Each structure stands twice: as C-alpha cells, then as structure tokens.
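> can't give you the sequence, but here's the structure:
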C-alpha cells in the first residue's frame, strides 16, 4: 500500500463556558527632482527621507523601515545570481517575468518583491542596489504597461508591492537613469490609484487586508492626500472586522495566514511611524490579539503547529514577526472563534483543534481536522499532523495536497474510513462538522479539555467526543475518544474506526510485547511510553511535511477496531519514561 493510500480514502485569554458551541457558517512621466538627486548623493540613502519632492504631483515623504527580518541565505543566493524560494530557484540572468514557469507561491514572491527583504538581509544598499534595479527593470518591461486585469495587477499583490517598493526605495531608486526612475515612479503611482479602486475585489481575509494596507502605505508615504488615507483606513478596519474573530485569530483559522497578518500589522506600524502619524486605535488593538493567537499555535520548538494545510515554517520567521510587532504578550490558551486550545505544563505543549473547519468564503483550503492535536516535549515534536504546503503553494503534488486535508492526515479519530467533514474533488467542503461543544478546566494546575463534534452523526448516528488531560508536571497526556449514539440514524452493523497518532520523523518507535503499547524515543535521548485500550494498536507508515514544504517518511500509531451501533470508548496514555 502506498503512502498516499495509507493517509486515507476520500469521504463524501477568555474562559470557555461549559457546553460552549462553535458553529461553522458557510499622465505624464514623472522624474526625481534635482533636490532628490542631491540628497541621494549626500546621504547615500542612509537616512529616511524628510518630505523630498519629485517633479509633478508625486512626493516621496518617507521611507518606512521593514520591521521583519529577511532570509539571509536567500539573500546571499540572490547575490550569487539565483533567486531561491523553497525548493525552487531561477537564474537572474535568464529571468523573464513575461514567461514564468514556477509555482504560484514563487510567482507571488517575485511579483510582490518580497525578495527585496531577503536581499537586504544579506547586502547593504551599495552592494544590493544594482542587482535589485536590474530585476525591477525586467519587471517593468514585462508588466508596467499591463492591463489592470492582468494577474500581476491583483489587488493583494499591489498591496504587498507598494509595501516593499517603499520600504526598499534605497535599493531600487539609486539609479541616475531618469527614464528608469520615471517608469518606476509612474508605475507606482498608477498602481496606487488602481489599488484604491479595487482593494475590495481581493479575497476576504489576509489578501484583502494586504490590499488595503497598500492603500494606506501609498497615502502615508506618497503625496496622495488625506482622502486616500481615510478610505484606506476605513477599508482596512472594515475588512479587519469581517476577517478576525474577537480573540484575534483569522476566520481562515490558518496559522500560516495568521503569521502573515502579524507581519502585515508590523509593517503598518512602521509606516505610520515613518509618516509621523498615529496608528488608528482599531489597528493598535488588533496587533496584540493577533500576536497572542499566533503564539497560541506554536509548540515547544517555538515554530507553528500544522493546521489548515500549513506547516511549521520556521522558528526564525515566527520570532521575526513577533519582534516586528513590538508586542510582548502571552500565547492565547483558550480561544473561541480561532478555535485552537493550548495545553501547556512545564516543557510539554499540546495544541488541540476545538472548532469546525473554516467557511469556504474565509479559506478555500480548509481541512477536516476537528478534534485533532499536536504534542511536543521541549523542542522535540512527538505527535503531529501530516501538514501541508502552506504558503509554498504548488510545492507538493496536487493529489498529495488534496489528501493532506483529510481527517486521516491528522492525529484524531476517523469513522468508517470517512472524513469528519467531506472534502469534495473540486476542493470544496461538503457535509460534516457543523457544531462543536467544548468545555475546559484548569483546576489544580491540570489542563483538561473536552470537546465533541457532529461530523459523523448524519452518516453513522455517532457523535465523536474527545477528552485530553495534561498533568501539572507535563509528564503525562491522557486521552479518551468516545463514540456516543445521537440523531435518528441507527446502523445495525458495526462501524470500523481508527485513532491515528502521526509521529514526528525524528521519533524512533517500537511496540511492546503485549501489542497494546509502544515506546517512543526522542532525538535527545528521552522516551515516552504509549498505552491504549479499546482497540488493536499497530504501527504504520505515514509522512510529514516540514517547514520548507518537503515531505518526509515517518510512522504513525493506529488504534483500530469496530464500534457497535451503540458506540464505545477508546482510551490512551502518553507518559514520559525518562
């Protein structure tokens, strides 16, 4: 049986009150003036601009600092002539923006000019400007005069492009070539006007927030007038209200997108600072809540847990985003709409999915992961979900990316070899989990969460209830999965079940002699004992996707059996042995 077959088959800060329910709701060319050229030569781009004017109506009022640190390795590769993004790369000398044959995520990386952040991490302005301007010239030749319905003129891409062009103006506006400067500034001005008209056409959530952020940046950094700033702030606040839960988490429930949100808010913060303006209160309030929600889905290694098609990314990137926010806050432990419950005692951390999948209008890549969990001991991951490509769209084969959304690709129970929420062949979500009931208790330092979902009630007449209990010393995680009769449907025959525990690739696993347990050895030498009751324990193949969207072979513990029509219980325990 192949790895793909083993994953599964397709299927059709606030206290949580007892029984809390979570419901799924479906012109002329413009050139730089002599004074700008003079300032460029004198200051060598080492200090921000102070009201430097350009010929015509465009004024560059400030150069905001990008607060997010770039990838130095990617920047050094750029200096050596290769643009690297994940496992993909392009030769700068043969780069043709009109004929790109790369993954969607690599294309966005190029067209958004995010690579400027990485270049700046490895090179000074003097060293990096010539290369940066060379790549910008290629882009202008291919897309500056493009129709505004061209894919490269998407509102979210223009939002990001404005953020990066203005933050890295020292790298792309050092040239003394007036034709180049005029083309760049003219395109920037045209893009800002286009964005102001089309920001609301971007997908709801992070893409639309990026679009409106570009409108705000153009209003603060360029001479655009207070009217554009007002429209930008109104649009951003409106989108923020529709895209965020009260607890600070995005309605997409994607940790990858949540990281993007924190980075975006950090950028906006420095834009207002550079423009000597006060950041609106609504945006100031959103920042600490968004950071807290992000930290709530990190494990002991300080990287992300894997949910909604995402992967761990990297500890460095998460830390850079949090530092850029300027916020000091604790991880969110008891989320409502965001839906992730965090259990943390001593060095042990568990992240539990206690909510339905996101609505399609909020996120197109939702996963059937309700009641799954991930678990770490210190910096070592033990129990994981298989993960996904995350922001590296196209890095994995389409069939595999589809299968990784299944319930069986997550550490939870599957019933009848079906997904708890159906994932249709066109990628949309079908029938399944509509309601989750959840309660939580922290008495005596013991973290306990209990939740149930109705994803199997219509098909099998059984409710899945899961309880997780993490001891006060963090040395024991106990769980129980109950199948309870509910609804009008009653089956006369038993239903097969499987409770899966996907293991991190660094874990060495051996089964015990009685067949009801396993020993999990961590890379650092410590070990955890696994025991179960209610089904037969087996060790099967699995896979796990790392922070660079590369798939690794690993193993999974599977408790398998059949549930009678009246339901049953399966209990299990993870206990630190050394």
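Okay, I see it. Model, not experiment: these values are computed from the prediction.

> can you list the low-confidence ranges for the protein?
Counting by pLDDT under 70, the chain shows low-confidence ranges at 1-59.

> mind listing what residue 469 touches?
Contacts for residue 469 were tallied using CB atoms under 8 Å, 6 or more residues apart in numbering; they are 446-448, 477-479. C-beta here means a position set from N, CA and C on the backbone, and glycine is covered the same way.

> just the residues you listed now: which is nearest residue 144?
For these, the minimum distance to residue 144 (CB to CB) is 55.4 Å, reached by residue 447.

> quick check: that closest one vs residue 187, distance?
53 Å (CB to CB, to the nearest Å).

> neighbour count for those two, which is higher?
Set side by side, residue 447 and residue 187 show more neighbours around residue 447, with 25 against 20, by other CB atoms under 10 Å.

> residue 564: what's it in contact with?
By CB under 8 Å, 6+ apart, the neighbours of residue 564 are residue 494.

> I misspoke; the intended subject was residue 475.
Going by CB under 8 Å, 6+ apart, the list of residues near residue 475 reads 346, 348, 575-576.

> again, 6 Å this time
residue 576 (CB atoms under 6 Å, 6 or more residues apart in numbering).

> repeat that for the one 3 residues further on.
Counting by CB under 6 Å, 6+ apart, residue 478 touches 469, 573.

> strand partners of the helix or strand hosting it, parallel vs antiparallel please.
Residue 478 belongs to strand 476-485 when assigned by DSSP states H and E. Partner strands for strand 476-485, per DSSP bridges, with pairing direction: strand 462-470 (antiparallel), strand 568-576 (antiparallel).

> after that strand comes which helix or strand?
Criterion used, DSSP H and E; the element after strand 476-485 is strand 495-503.

> gap between the closest residue to residue 404 other than its chain neighbours and residue 254?
Spatial nearest neighbour of residue 404, chain neighbours left out: residue 388 (4.8 Å); criterion: CB to CB, 6 or more residues apart in numbering. According to CB to CB, residue 388 and residue 254 sit 10 Å apart.

> now do the strands in the stretch 251-400 of the chain.
340-345, 348-353, 373-377, 380-384 (DSSP state E, counting those that start in this stretch).

> list the contacts of the first one.
Yep, that's strand 340-345 we're talking about. Under CB under 6 Å, 6+ apart, the answer for strand 340-345 is 296-297, 331, 333, 350-352, 354, 447, 449, 470, 472, 474.

> picking that back up, now render the contacts of residue 469 as CSV, adding distance to residue 324.
Converted to CSV, those look like this (distance: CB to CB, whole Å):
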residue, distance to residue 324
446, 36
447, 30
448, 35
477, 33
478, 39
479, 37
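
> now distance to residue 463 and mean neighbour count too, for the strands of the stretch 251-400 of the chain, in CSV please.
As requested, the strands of the stretch 251-400 of the chain are exported to CSV (distance: least, CB to CB, whole Å; neighbours: other CB atoms under 10 Å):
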stretch, distance to residue 463, mean neighbour count
strand 340-345, 19, 22
strand 348-353, 17, 26
strand 373-377, 18, 26
strand 380-384, 23, 24
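
> export those to TSV and tack on distance to residue 396?
Compiled in TSV, these are given as follows (distance: least, CB to CB, whole Å):
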stretch	distance to residue 396
strand 340-345	23
strand 348-353	21
strand 373-377	19
strand 380-384	16
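
> residue 311 is nearest to which of the ones you listed?
Comparing those by CB to CB, strand 380-384 comes nearest, at 9.7 Å.

> domains for the protein, by residue range?
Per automatic domain parsing, the domain ranges recorded for the chain read 27-223, 327-576.

> export the ones you listed as CSV, with columns for distance to residue 311.
Shown next, in CSV, are these (distance: least, CB to CB, whole Å):
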stretch, distance to residue 311
domain 27-223, 11
domain 327-576, 4
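
> out of those, which gets nearest to residue 273?
Nearest of the domains of the chain to residue 273, taken as CB to CB: domain 27-223 at 7.3 Å.

> what does stretch 140-155 contact?
So stretch 140-155 is contacted by 97-98, 111, 183, 187, 194-195, 198-199, 201-202, 211 (CB under 6 Å, 6+ apart).

> repeat the analysis, applying 7 Å as the threshold.
97-98, 111, 183-184, 187, 194-195, 198-199, 201-202, 211 (CB atoms under 7 Å, 6 or more residues apart in numbering).

> at which residues are the helices of the stretch 401-550 of the chain located?
457-460 (DSSP state H, counting those that start in this stretch).

> how much space between residue 560 and residue 478?
From residue 560 to residue 478 the distance is 20 Å (CB to CB).

> check residue 461 too.
For residue 461 relative to residue 478 (CB to CB), the value is 27 Å.

> would you check how far apart the residue lying closest to residue 486 once chain neighbours are set aside and residue 433 are?
Counting by CB to CB, 6+ apart, residue 486 lies nearest to residue 463, which is 4.3 Å off, once chain neighbours are set aside. To residue 433, residue 463 is 11 Å away according to CB to CB.

> next one: residue 503
For residue 503 relative to residue 433 (CB to CB), the value is 25 Å.

> which of the two has more neighbours?
residue 433 (27 against 23).

> need the contact list for that one.
24, 356-357, 370, 420-421, 453-455.

> if we go to 8 Å?
Taking CB under 8 Å, 6+ apart as the test, what residue 433 contacts is 24, 356-357, 368, 370, 420-421, 453-455.

> repeat for residue 326
67, 266, 269, 287.

> so the second one touches residue 68, yeah?
Yes: proximity of residue 266 to residue 68 meets the contact threshold set by CB atoms under 8 Å, at 6.2 Å.

> by contact count, what packs against the longest strand seen in the chain?
For the chain, the longest strand by residue count, based on DSSP state E, is strand 551-563. If you count contacts as 3 or more CB pairs under 8 Å, 6 or more residues apart in numbering; DSSP states H and E, strand 551-563 packs onto strand 495-503, strand 536-545, strand 568-576.

> give me that answer again for 7 Å
Using 3 or more CB pairs under 7 Å, 6 or more residues apart in numbering; DSSP states H and E as the contact test, the elements touching strand 551-563 are strand 495-503, strand 536-545.

> between those, which gets nearest to residue 362?
strand 536-545 (22.4 Å).

> what does the helix or strand hosting residue 231 rub up against?
Per DSSP H and E: residue 231 is located in helix 226-243. The contact list for helix 226-243 (CB under 7 Å, 6+ apart) reads 196, 199-200, 204-205, 208-209, 212-213, 215-216, 218-220, 250-251, 280, 282, 286.
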